[in-house]
Structure formats: structure tokens, C-alpha cells
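J.: I need the structure of the sequence given here:
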Amino acid sequence: MNVKKALLLALIFVFLFTFTACSSESKTKTSDGGGSGEESITLRVAWWGSQPRHEYTTKVIEMYEKENPNVDIKAEFAYWDDYWKKLAPMAAANELPDVLQMDMAYLSQYGEIDLLENLTPYIDDKTIDVSSIDESVLSSGKIGDKMYGFTLGINVLSVITNDDILQKSGINIDGNSWTWNDMEQVALDIKKKANVYGSNGMNPPDIFFPYYLRTKGEEFYKEDGTGLAYTDDQLFVDYFERQVRLIDRNAFPTPDEGAVVRGVEDDFIVKGTSAITWNYSNQYAAFDQLTDAQLTLHLPPEHLENKALFLKPSMLFSVPKSSKHKVEAAKFINFFVNNIEANKLIKGERGVPVSAKVSEAIKPELTEGESKIVKYVEEAKKITKEYYPPDPIGSAEVMKALKDISDQILFKKITPEEGAKKFRAQADSILKSK
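T.: Numbering: from 1, shown residues only. A predicted model of the protein is given here:
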């Protein structure tokens with residue numbers, strides 16, 4: 001009897017093992033039953049942006065899923081501020097999405113504390129095809145010899161104008177020759193003649209104050225990231241005194257009015273309450289779709305002074321080290337960057353495509369407005385080949401400090417002189433502690 005029981009138990013064990021193995025194997029089959037052995041994968045992809053970006057990105061994801069039926073992609077998206085607020089606790093819990101949209105302000109912060117995968121091996125083994133992408137573009141996502149972010153598009157700072165209002169105001173802007181003083185006068189003339197704001201107020205300050213410094217031959221951060229590079233606080237004072245003057249004369253919106261602008265849909269130029277918006281070139285496409293006015297891209301003031309103009313990754317895709325599907329994540333990045341049909345939907349909204357082959361192929365598909373972005377960036381590339389480097393660790397805190405102090409100045413709680421000293425003390429403290 002003991003022998004029979006032992007034999008029965010052994011048979012049950014074999015049956016259960018076989019059933020479990022078969023069940024486990026069945027989970028690796030594709031959903032169409034083809035028996036290809038491909039593992040079913042759930043890939044989380046996250047990005048920030050406006051509603052038009054969400055819509056076309058969702059369509060691109062559907063295209064990828066159709067070509068890869070074993071992959072199910074979970075989309076996670078938000079506006080800029082909300083995106084980073086959500087990402088931080090995910091990083092702390094080691095639960096970052098498999099593909100996350102990354103910004104140059106945060107690349108060092110996430111990359112240098114070992115949260116992001118080095119994408120170079122996926123380029124070396126051709127999982128990501130870079131045959132039609134310049135090395136300078138690839139290098140823009142590197143810190144040292146590690147590529148923590150793959151650049152999705154090329155951007156250039158721009159001043160976008162409502163030409164109907166400019167014509168009504170009798171104003172003509174020459175992007176190659178206008179100065180900061182010219183910019184101030186343009187804003188005042190627009191307010192006087194058209195009774196709308198001269199511009200959206202050059203927000204956020206973390207984008208436009210560093211550019212202003214470059215026109216004066218200075219940089220924002222030290223090369224080693226240990227502090228502020230510029231030493232003369234009068235530059236800070238001059239920049240914010242101009243802001244205050246223009247708000248006082250109703251040529252710039254007040255800071256509380258600016259605070260309600262969360263996306264391009266809320267921008268003053270879309271609402272028709274401003275003739276000018278300061279933004280990166282890729283934003284032009286959304287503005288062009290959201291307003292019936294004729295819009296034009298202009299180079300920012302004094303860009304030829306001290307070679308101030310630069311190219312910048314509009315945004316990047318990164319893969320976290322915590323991802324269990326790094327190869328599939330790299331394949332998705334390759335699709336997003338190199339698939340021509342996908343880019344006929346993207347149409348440069350995330351910056352001019354980095355692939356020369358893709359950029360050329362989608363040109364016939366572009367609207368007049370989208371074509372203007374490509375031409376603008378191509379003209380800028382004739383002026384400069386320099387890519388703005390990743391911001392150092394701590395930059396997110398520095399930028400928050402700059403925004404807070406900017407608000408205090410513009411609300412007249414402190415003077416620009418007080419703000420300059422306060423910002424330097426906070427920024428240097430933050431950067432030295434990293």
C-alpha cells in the first residue's frame with residue numbers, strides 16, 4: 001500500500017509539473033496563437049505635453065502595437081509640472097516607466113544617480129538604428145561616455161509673432177539685428193497701438209535668463225556644475241528690471257496672469273491677448289493649429305552677440321535601469337525615431353526629426369506651419385552647431401529657486417538687487433551640496 005501511495009503521489013507530481021510547464025509556456029505565445037514563442041510584454045511609456053501631443057502619440061503607440069502584437073503599451077501622460085511630480089515618487093519606489101520622456105534639465109539628476117540605462121549598447125547592436133543621425137545629435141544625450149537619453153528632435157529658441165497684430169502696430173522685426181532694447185520698445189509699441197500685451201513675458205525664467213547671459217558672453221552654470229558661472233549680479237538685475245518695467249507699463253502680463261498658463265492652449269498668443277510668445281521652435285506647430293492668425297518664427301534678440309544661439313534636444317527618451325523590458329523599450333525608441341509612417345503623425349511636434357532620412361521623407365506631409373519650423377531650425381543650424389549641454393545635478397532645485405525669486409520680484413515683494421543676492425546664495429548652496 002505504501003508503495004502504491006508513493007507511486008500515485010509521484011504520478012500526481014509529474015502531472016502537475018507538466019501542466020504548470022504547459023501553462024507557463026502558453027503565456028509566451030503571441031495573442032494570435034501563432035506559436036512564435038514571443039513573450040507577452042506590457043510596456044509603460046510616459047510623456048508630458050498638450051492634448052495634440054497626447055492624441056498623436058496614442059496613434060503612434062497603436063501603430064507599434066499592431067506591428068508587435070505581443071506588446072501591450074500603457075500610456076502615462078500629464079502636463080509638465082504634474083509629470084515631474086509623478087515621476088519623482090516613481091523613481092524613489094524603483095517603478096519608473098519603461099520608456100520615459102526626459103528633459104535636459106533632469107537628465108543629469110536621473111542619470112548620474114544610476115537610475116537610467118546607458119543606451120549605447122543598443123546603438124552598437126543596432127537595436128536603435130542611427131545610420132542617418134549625426135553624431136552631434138547622439139552626443140547631446142550623453143553625460144561623459146554614457147547615453148542616458150536619446151534625442152527625439154532638435155529645437156531652437158524662438159520669438160513667435162502674430163503678424164496681424166504686428167502689421168496693425170506698424171512693426172517689423174529683423175531677427176538678425178534686433179537688440180534687447182528693440183525688444184522692449186516693440187512690446188511698448190504693441191501695447192500702445194494694438195492694446196494687447198507685447199509678449200507673454202519671457203516665461204519661464206530658467207529658459208530665457210540663461211540665454212540672456214549668453215548674449216552678454218556669460219554662462220549660467222559652471223562647467224563642473226558646482227555653482228553659477230556668471231559673477232556679475234548686475235546682469236541679473238538688468239534682466240529683471242526690464243521685466244518689471246514692462247509689467248508696470250502693461251506691456252507684459254502680470255505674474256498671476258502668467259501662472260494660469262499650463263499649456264499651449266492657454267498661451268496669450270492663442271487667446272489673442274499678446275502679439276508675441278517666447279518659446280522653443282517646436283511649440284509653433286501647436287500655436288499654428290490653435291489660432292487663425294498668421295504666425296512667424298523669429299530668432300531671439302542679439303543671438304549673434306557672443307555666439308549666443310544654440311541647438312537643443314527638444315526632449316529625449318530614456319530607459320530606467322529598473323525596466324524588465326529594456327530591449328523592447330529600445331525597439332520602441334527606434335520605431336519612434338526611424339519609422340516614417342509614425343513620423344507622418346508626429347510631424348516634428350517634438351522638434352525637427354533627428355533622422356535626416358525621416359526629416360526628408362515627411363516634408364511633403366507637412367503643413368505650411370510645420371514646414372516653417374523645419375526651415376527655421378535649418379537656418380539656425382547654419383548659424384550654430386553647438387548643443388546646449390545637460391544641466392548639472394541639482395538644476396531642478398535651482399530652477400525652482402529662480403522661479404520663486406522671479407515671482408517675488410515681479411510681485412514686488414523684493415527688489416531685483418535683493419533677488420540677485422538671494423538667488424546666488426540659494427543656487428550656489430544647492431549646487432555645492434550635490
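
J.: once you drop chain neighbours, what's closest to residue 376?
T.: Distance criterion CB to CB, 6 or more residues apart in numbering; nearest residue to residue 376, sequence neighbours excluded, is residue 297 at 4.4 Å. Heads up, the C-betas are built off the backbone N, CA and C, glycines and all.

J.: I'd guessed the one you found sits against residue 158; true?
T.: Yes: between residue 297 and residue 158 a contact is recorded at 4.8 Å, counting by CB atoms under 8 Å.

J.: common neighbours of these two, please.
T.: 281, 284, 376 (CB atoms under 8 Å, 6 or more residues apart in numbering).

J.: how about the residues you listed in JSON lines, adding pLDDT, neighbour count and secondary structure?
T.: Formatted as JSON lines, these follow (pLDDT from 0 to 100; neighbours: other CB atoms under 10 Å; DSSP: H, G, I helix; E, B strand; the rest coil):
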{"residue": "281", "pLDDT": "94", "neighbour count": "25", "secondary structure": "helix"}
{"residue": "284", "pLDDT": "92", "neighbour count": "24", "secondary structure": "helix"}
{"residue": "376", "pLDDT": "96", "neighbour count": "21", "secondary structure": "helix"}
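
J.: against residue 314, how distant is residue 132?
T.: Distance, residue 132 to residue 314, by CB to CB, to the nearest Å: 18 Å.

J.: could you do residue 169 as well?
T.: 31 Å.

J.: more neighbours: which of these two?
T.: residue 314 (24 against 19; other CB atoms under 10 Å).

J.: from the rest of the structure, what touches stretch 377-386?
T.: Outside stretch 377-386, the residues touching it (CB under 8 Å, 6+ apart) are 136, 154-156, 281, 299, 303-304, 307, 309-311, 351-352.

J.: ok, back up a step: partners of the helix or strand encompassing the residue nearest to residue 376 in the sheet?
T.: Using DSSP states H and E, the element containing residue 297 is strand 295-298. Strand 295-298 has its sheet partners listed here by DSSP bridges as strand 157-162 (antiparallel).

J.: what about the partner strand, average pLDDT?
T.: What strand 157-162 shows for mean pLDDT is 96.

J.: neighbouring contacts of it?
T.: 173, 175, 199, 207-208, 211, 269, 272, 274-281, 283-284, 287, 291, 293-301, 309-310, 312, 376.

J.: now those residues: which count as buried?
T.: Buried subset of the contacts of strand 157-162 (neighbour count, 16 or more other CB atoms under 10 Å): 173, 175, 199, 207-208, 211, 269, 274-281, 283-284, 287, 291, 293, 295-301, 309-310, 312, 376.

J.: next one: the most centrally placed residue in the chain from residue 64, what distance?
T.: Nearest to the geometric centre of the chain sits residue 315, at 3.4 Å (CA atoms, centre = their mean). Distance of residue 315 to residue 64, computed by CB to CB: 18 Å.

J.: okay, and the helix or strand of the protein with the least pLDDT?
T.: Every helix and strand of the chain was ranked by mean pLDDT, DSSP states H and E. The lowest is helix 2-26, at a mean of 37.

J.: would you check that residue 419 makes contact with residue 404?
T.: No: applying CB under 8 Å as the test, residue 419 and residue 404 come out as separate, 9.8 Å apart.

J.: higher neighbour count, those two?
T.: Set residue 419 next to residue 404 and count neighbours by other CB under 10 Å: residue 419 wins out with 23 against 14.

J.: what about residue 172, neighbour count?
T.: For residue 172, using other CB under 10 Å, the count is 9.

J.: nearest to residue 425, of the shared contacts of residue 297 and residue 158?
T.: Distance to residue 425 across the shared contacts of residue 297 and residue 158 (CB to CB) is lowest for residue 281, with 34.5 Å.

J.: my guess is the closest one contacts residue 373, does it?
T.: Yes: between residue 281 and residue 373 a contact is recorded at 5.4 Å, counting by CB under 8 Å.

J.: so what sits against both of these two?
T.: Common neighbours of residue 281 and residue 373, counting by CB under 8 Å, 6+ apart, are 297, 352.

J.: tell me which stretches of the chain form strands.
T.: Using DSSP state E, the strands of the chain run over residues 41-48, 71-78, 99-102, 142-143, 146-147, 150-151, 153-155, 157-162, 276-280, 295-298, 312-313, 316-318, 352-353.

J.: closest to residue 434 out of those strands?
T.: That would be, of these and by CB to CB, strand 142-143, which comes in at 13.7 Å.

J.: I'd like to know which elements the closest one is packed against.
T.: helix 104-111 (3 or more CB pairs under 8 Å, 6 or more residues apart in numbering; DSSP states H and E).

J.: just the CA atoms of the helix it packs on, as CSV, please.
T.: Only the C-alpha atoms of helix 104-111 are listed here, as CSV (Å, rounded to 0.1, in the frame of the first residue of the first chain):
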residue,chain,number,x,y,z
MET,A,104,17.9,68.2,-20.4
ALA,A,105,17.2,69.9,-17.0
TYR,A,106,16.7,66.5,-15.4
LEU,A,107,19.0,64.2,-17.4
SER,A,108,21.9,64.5,-15.0
GLN,A,109,19.7,64.3,-12.0
TYR,A,110,18.3,60.9,-13.1
GLY,A,111,21.3,59.6,-15.0
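
J.: and it, average pLDDT?
T.: What helix 104-111 shows for mean pLDDT is 93.
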